[in-house]
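Visitor: What follows is a predicted protein model with its sequence.
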2 protein chains.
Amino acid sequence: MTSPLAQAVPDAPDATGLAPAPVGAGPAADPETAGRRLDRALVTEKLLGTWADARRAARELAKDPALHRPVDATVAEHRARVMDQMRILAEAEVSRPMLPESLGGPNDNGGNVAGFEELVVADPSLQIKSGVQWGLFTSAILQLGTAEHHEAWIPAAMSLETPGAFAMTEIGHGSDVQSLATTATYDPGTEEWVIETPFRAATKDYLGNAAEHARAATVFARLITRGVDHGVHCFYVPVRDADGALLPGVRSEDDGEKGGLNGIDNGRLAFDGVRVPRTNLLNRYGDVAPDGTYTSPIESPGRRFFTMLGTLVQGRVSLDGASNRASQLALAIAIRYASERRQFTGASSTEETVLLDYQSHLARLLPRLAATYAGAFAHDELLRAFDDVFSGRGDTPEAREDLETLAAALKPTSTRLALDTIQECREACGGQGFLGENRLVGLHQDLDVYATFEGDNTVLLQLVGKRLLADYTDELRSIDRAGVGRFIAQRAEALSRRHTPWNRLLQTASDAGSPRRSSESLRLPEFQEAMLSERARLKIEEVALALRGARGKEPAEAAAIVNKHQLELLDAARAHADLVRWRAFTEALATIEHEDTRAILTDLRDLFGLTIIEDDLAWFLLDGMISSQRARTVSKDVKRLLWRLRPHAVDLVDAFDLAPEHVRAPIALGAEKERQDEAAAYFRAQRARTDAPVSEKAQKAAQAQREGRPGRR
Amino acid sequence: MTSPLAQAVPDAPDATGLAPAPVGAGPAADPETAGRRLDRALVTEKLLGTWADARRAARELAKDPALHRPVDATVAEHRARVMDQMRILAEAEVSRPMLPESLGGPNDNGGNVAGFEELVVADPSLQIKSGVQWGLFTSAILQLGTAEHHEAWIPAAMSLETPGAFAMTEIGHGSDVQSLATTATYDPGTEEWVIETPFRAATKDYLGNAAEHARAATVFARLITRGVDHGVHCFYVPVRDADGALLPGVRSEDDGEKGGLNGIDNGRLAFDGVRVPRTNLLNRYGDVAPDGTYTSPIESPGRRFFTMLGTLVQGRVSLDGASNRASQLALAIAIRYASERRQFTGASSTEETVLLDYQSHLARLLPRLAATYAGAFAHDELLRAFDDVFSGRGDTPEAREDLETLAAALKPTSTRLALDTIQECREACGGQGFLGENRLVGLHQDLDVYATFEGDNTVLLQLVGKRLLADYTDELRSIDRAGVGRFIAQRAEALSRRHTPWNRLLQTASDAGSPRRSSESLRLPEFQEAMLSERARLKIEEVALALRGARGKEPAEAAAIVNKHQLELLDAARAHADLVRWRAFTEALATIEHEDTRAILTDLRDLFGLTIIEDDLAWFLLDGMISSQRARTVSKDVKRLLWRLRPHAVDLVDAFDLAPEHVRAPIALGAEKERQDEAAAYFRAQRARTDAPVSEKAQKAAQAQREGRPGRR
């Protein structure tokens, strides 16, 4: 498929989908590689991934101007607009794929999430408000409720007849769901739940739909019956009547203007003895009989809690995908502009240099482009894992745990990458990047909160770190006597590496005296794989060893020891995420048969791998994993890759398949080129005139020559 | 002086200005240092710097609610509000200090800029709109015009009777002012200038006041007379009549919604043969006689151009100061909130941990706090240099060049620090940080453009790099024969360091076997000074050596060679800026006599120095400037400093002297503590009740005990 953007811009690909030979390859283009051509259509297919059809359909939908983010709207106007957009989506039944067969749906969870991710280019508020309505509110009924609940409430939730809030977070507690303080106390006399907000900090907060639109809420509260607190469960609670008036005992406040996503009416909900029927408990994992007896299919309260929370993973999965798509959009805008915008001349030359031909500009944008490619491939893996579990095909406790760890590793790192990428792109576009019409500032404002909602990034990375620690400990526990010997030998080797001068190491010996050979070997996938996997393993191992002292200690003391190594734990989690993405990129390369395309994407993968190594070079040096000589070639090789990739930069963003209706930023749709061409034509005409003004410098030089003096320089 | 914020919060300092003994020192507080007390009032004085009175007066003014940034305003509403605020400032004659004695002013340039910087906490739009009106438009008349112009136009510019635009930037050219394309052609027949926008890209753009309010503009255009183009000069051009209607030949467009600073009506101006009298040329550095003869007191067109551009430095100086103040505000909000907000318990403890007691939270905030302190001291130096030159007291070409280099080094690095700090603070405050009322998102939106206006950050750093290169070359040129020998010996030493295993180096030998000694020596100021100054010197030296090949080459080829080392050049410029700030901080320490205060601030300075070394550790290792053993202690020492500084974190932000009217964010003014206290009281009451619900876990354990079974864990 040919990219619609490519059709709209001057150097469109020919019918084969192959890009024309690149132009403007920059001052240091590598002749060996500059002649290569990317098969953009092929790359687009690879990036579309497993749910290509769902993505294509959503991309068509996202072209509709009615769904686009407004400019200069008040909070009230933006909210009303997004609510209208929600009705368009509900009418089109876009979230139908999420429904299981029992409710007449296709149970296509992967396709459902993939489609919603694509809406981020229309308006992130719409993506997130859809997520609140169908991904959280409706999903809670579906995942935590039983057949009776599904019949009673899901049709109206799907059709938007019941806009709903997902009332989990409280002012006092977000990521720490276990500490929520809202109570639901069972009254056997009336067979009702009494929902209560015991103090201000227990007020539900940041809830999409809560300030205005919600008619009902899935409220997370501590289930109390017969004097026992069974922990957090979920209750279906009507909050407003058909006219939008709050029901008795329900209080609501408006969160007001936010940093972004102002198309969503975030707000607070508090409950003063609000009563709902016994059957409003979503009772899949815990139920109460009319007499108040509590039962649950999961005996351990801890495991029960985490099973209920498992439904939250969908939000994290979709944020990973939406962040990646937002990064793609930002890069497409900045790279296309940088390929046309000219600034400063190389001294005597009459033509100014395009921004993308500056080394520093390439260094700002291309490593982020490489990471975005890696992120797209890793996201497809995450989505497959999610679909396996949620379809029920592969729903084992282990698969759920793996899915949650993968989501917890990818969501924080991709939202971080998106924010950094968007900001860098905005700055790389100068004053144009600051104008609302060019999209980058709005994208940053909206995606800002992706870093702290649906699980705060730091908290999620800590979860990943803890899981990796547990895996490491399990591994140690399961090894036999011979294995223990091997482990000790490995540790001894790691320690000795730190105290061995580099030149005694094998690595240095094999590179000896040849920076070129050293540089070639950096680009071997085996080398990168070894570096990144060893790093991930060693980082967690070192935390594990450092935490030995915490075992058997009083909890407070143990917590203090863990806290002393928190930064290393987070670092280990990030190293794990890097490895996951590097491997996903590498696996994707293996499926590409078109030689030039594979070669160009291999350069891009190398740029991703070497940038990670470069960013953590001191660690690799101090851990003896790289020789000084080889370390010195890393930056040089990164720079070489920048120039090798330079001729393909525009093709690589064209492969993101962003139509002009998705991009919308005038600077990325030819406005800059038009201005440049007009200015160039003016200067050509000037040069052709005999009466055009001459510069003072030229005039002085000519005068000096006439007078026989040496001209001033 | 006691901080008003400190007065408003519970743990206020006593009458001596000394903080009470700190509480909540965190799990690993250092007993050696935790008992120290910061003299906050003293630190406030040091931070106020040379123009303390001007700052204090401006801080009083900034408390006025009429000057505060509105929430949820449309672009039109925000613009109207800021224009009203401008009238308040004009009425109060706040910019009078900028006027020279000849115009009845005190010629207090430093105090003038210092005062305006403080307005950033009221509304950055107001700070920048004031900058446009008085710092750019009025200043251009003052600096580039002569007595007649001053009399004719300055009073109305000062009183805001003539709101003005500073029409320099064009769509096609911003930082490259020399390439501006608007023309001003002299017509001796009518003794007028004809101002012309020759093509779309030459349209003036991003001009504050241009979309709505400007009545006149100082227009930068190529002066053409008698067929000669004398380069860019500045002209006073009326653009709107008294009713606000555009004058004939003047076209204006609105830049619309921007990423921030929406209180300013940025827009475009284009000129179609607009005629102004000959005397509207601001003729201090170049004039045209009625017959069209051009004269200038500066013969070289290049030097003349840069002299005229020199007036721009004021904008850069004030952005450095305002960015620093914005960082202070963000840190005060995030650190105060983190000192009260509790999240997650250390296992059995009933009380949750405050955010600031997490290692990762300290690592997010304290290094930025240290850099902000360093930035405040360095900014005072910059302001003194600016005042010396602009007052005329020390206005030599060398002093101007030094001032420009210093401003070009500090503006990009402090705006970068501010954006990163504000974003980190916003994320560190979680969902609260995303609410408009808590200020952080608005600060980021407004300060975003500081990175690319008044000289794009990359362009400015490149200027610094080029100046450092020139200095280096001059130094080499001026050394005598003995000096050459010394230089060669130094280079040989630098090269040999790279190829010497660490354990042969003196540094390692002196630390041998003692990580503790190694860590102590890291904190010696001599060590940090040597590391940072050597780094700055070596980085520029290496670029200089790499660029030798460019000498004598064709300009295009030479430019390509320079481009291959652009990243290193920018890196060297940043290293220079780090050194300037480290030295300014160190010099400030020497003036503090109160022992505890000096000790705490020395820890903070060490944190600044060691963080720089940590961030560039691979470079120090590969350049042989640090041994592996010592390098391994850097991160540990940084962490130790975080805990040593932990008890003083709140005092250190209180010393910023931000009154509640400046802070305004509810989370930083006790709202969080109030909620925590209420929740704690509830739980205390619960524990006192006999009929309070017990947890399912506790109930099961009790039941198991009754039945004689081992309880489930």
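Guide: Received it, and whenever you're ready, just let me know what you need.

Visitor: Just the buried residues of the helix or strand residue A:629 falls within, please?
Guide: Element membership of residue A:629, judged by DSSP states H and E, is helix A:628-645. Within helix A:628-645, the residues scored as buried using 16 or more other Cβ atoms under 10 Å in any protein chain shown are A:628-635, A:637-645. For the C-beta atoms, the positions are set from N, CA and C on the backbone; glycine is no exception.

Visitor: CA atoms only for the next helix or strand after that helix - export them in CSV, please.
Guide: As assigned by DSSP H and E, the chain's next helix or strand after helix A:628-645 is helix A:649-654. What follows is helix A:649-654, C-alpha atoms only, in CSV (Å, rounded to 0.1, in the frame of the first residue of the first chain):
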residue,chain,number,x,y,z
ALA,A,649,15.2,9.6,7.0
VAL,A,650,12.2,10.9,5.1
ASP,A,651,11.3,7.4,3.7
LEU,A,652,11.5,6.0,7.2
VAL,A,653,8.9,8.4,8.5
ASP,A,654,6.8,8.1,5.3
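
Visitor: Give me the distance between the helix or strand just after helix A:649-654 and the centre of its chain.
Guide: Once the chain leaves helix A:649-654, the next helix or strand it forms, by DSSP H and E, is helix A:660-663. Its chain's C-alpha centre and that of helix A:660-663 lie 20 Å apart, by Cα atoms, centre = their mean, to the nearest Å.

Visitor: Quick check: mean pLDDT of helix A:660-663?
Guide: Averaging pLDDT along helix A:660-663 gives 98.

Visitor: before we move on, what about stretch A:176-185?
Guide: Rounded to a whole number, the mean pLDDT of stretch A:176-185 is 94.

Visitor: Kindly report the same for stretch A:595-614.
Guide: Averaged across stretch A:595-614, the pLDDT comes to 98.

Visitor: one step back: report the entries of the buried residues of helix A:628-645 that also contact chain B.
Guide: A:628, A:631-632, A:639 (Cβ under 8 Å from any Cβ of the partner chain).

Visitor: Can you add pLDDT and give those residues back as CSV?
Guide: Compiled in CSV, these are given as follows (pLDDT from 0 to 100):
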residue, pLDDT
A:628, 91
A:631, 94
A:632, 93
A:639, 96
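
Visitor: Chain B contacts on the stretch 501-650 of chain A?
Guide: Counting by Cβ under 8 Å from any Cβ, the stretch 501-650 of chain A sits next to chain B at A:501-503, A:554-556, A:558-560, A:563-567, A:570, A:617-618, A:621-622, A:628, A:631-632, A:639.

Visitor: oh sorry, the question was meant for the stretch 251-400 of chain A
Guide: Residues of the stretch 251-400 of chain A lying near chain B (Cβ under 8 Å from any Cβ): A:255-260, A:294, A:299-301, A:343-349, A:352-353, A:357-360, A:363.

Visitor: ok, residue A:613 to residue A:681 distance?
Guide: Distance, residue A:613 to residue A:681, using Cβ to Cβ, to the nearest Å: 47 Å.

Visitor: what residue ranges in chain A are flagged as low confidence?
Guide: A:1-31, A:34, A:346-350, A:480-482, A:484, A:495-520, A:710-713 (pLDDT under 70).

Visitor: and if we set it to 50?
Guide: Scanning chain A for pLDDT under 50 picks out A:1-27, A:347-348, A:501-506, A:508-509, A:512, A:711-713.

Visitor: my read is residue A:553 is in a strand, agree?
Guide: No: read with DSSP: H, G, I helix; E, B strand; the rest coil, residue A:553 is coil and lies in no strand.

Visitor: Pull the number of nearby residues for the spatially closest residue to it that is not a sequence neighbour.
Guide: Residue nearest to residue A:553 in three dimensions, not counting chain neighbours: residue A:561, with 6.9 Å by Cβ to Cβ, 6 or more residues apart in numbering or on different chains. By other Cβ atoms under 10 Å in any protein chain shown, 17 other residues sit near residue A:561.

Visitor: Doesn't residue A:561 lie inside a helix?
Guide: Yes: counting by three-state DSSP, residue A:561 is part of a helix.

Visitor: neighbour count winner among residue A:613 and residue A:681?
Guide: With neighbours defined as other Cβ under 10 Å, residue A:613 and residue A:681 compare such that residue A:613 has more, 24 against 11.

Visitor: Tell me the backbone dihedrals of that one, please.
Guide: phi -60, psi -40 (degrees, to the nearest 10).

Visitor: Am I right that it is in contact with residue A:530?
Guide: No: in this structure residue A:613 lies outside contact range of residue A:530 using Cβ atoms under 8 Å: 11.0 Å.

Visitor: Next, show the common contact partners of those two.
Guide: Residues touching both residue A:613 and residue A:530 (Cβ atoms under 8 Å, 6 or more residues apart in numbering or on different chains): there are none.
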